[in-house]
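In: A structural model of the following input is requested.
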Amino acid sequence: MPHDLPQAIGLCITVAVGLAFLAKLLRQPLTLAYLLTGVMMDPIGLKLVSDEQTIKTISEIGRWLKRLGISHMGDLPVLQEKAIEK
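Out: This is a model prediction of the structure:
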């Protein structure tokens with residue numbers, strides 16, 4: 001279990017990427033992979049990160065990235081097509 005914020009963020013990203021890859025292979029929505037990542041990280045779930053303050057900080061970072069649209073950076077060609085259409 002990670003004991004500081006950078007390790008917890010790294011673990012969270014690693015698990016999310018792994019589950020996203022698995023979701024793509026199984027033709028499932030990425031939202032499912034991200035929800036499962038949250039369950040795995042949660043102190044109630046698999047307890048990969050046990051400090052509640054660290055979990056709150058990671059969730060705040062994720063919320064701000066979502067608000068800023070950073071979560072769709074992998075879909076740049078799609079975003080470029082939509083921008084050109086408008």
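In: so what touches the helix or strand in which residue 39 is found?
Out: Take DSSP states H and E as the rule and residue 39 turns out to sit in helix 30-41. Outside of helix 30-41, the residues within contact range by C-beta atoms under 8 Å, 6 or more residues apart in numbering are 8, 11-12, 15-16, 19-20, 22-24, 45-46, 48-49, 55, 58. Every C-beta, even on glycine, is put in place using the N, C-alpha and C of the backbone.
In: narrow these to those in strands?
Out: When those are checked against strands (DSSP state E), there are no matches.
In: buried ones among those residues?
Out: Burial by neighbour count, judged by 16 or more other C-beta atoms under 10 Å, picks out 8, 11-12, 15-16, 19-20, 23, 48-49, 55, 58 from the contacts of helix 30-41.
In: low-confidence ranges in the protein?
Out: Scanning the chain for pLDDT under 70 picks out 1-3, 69-86.
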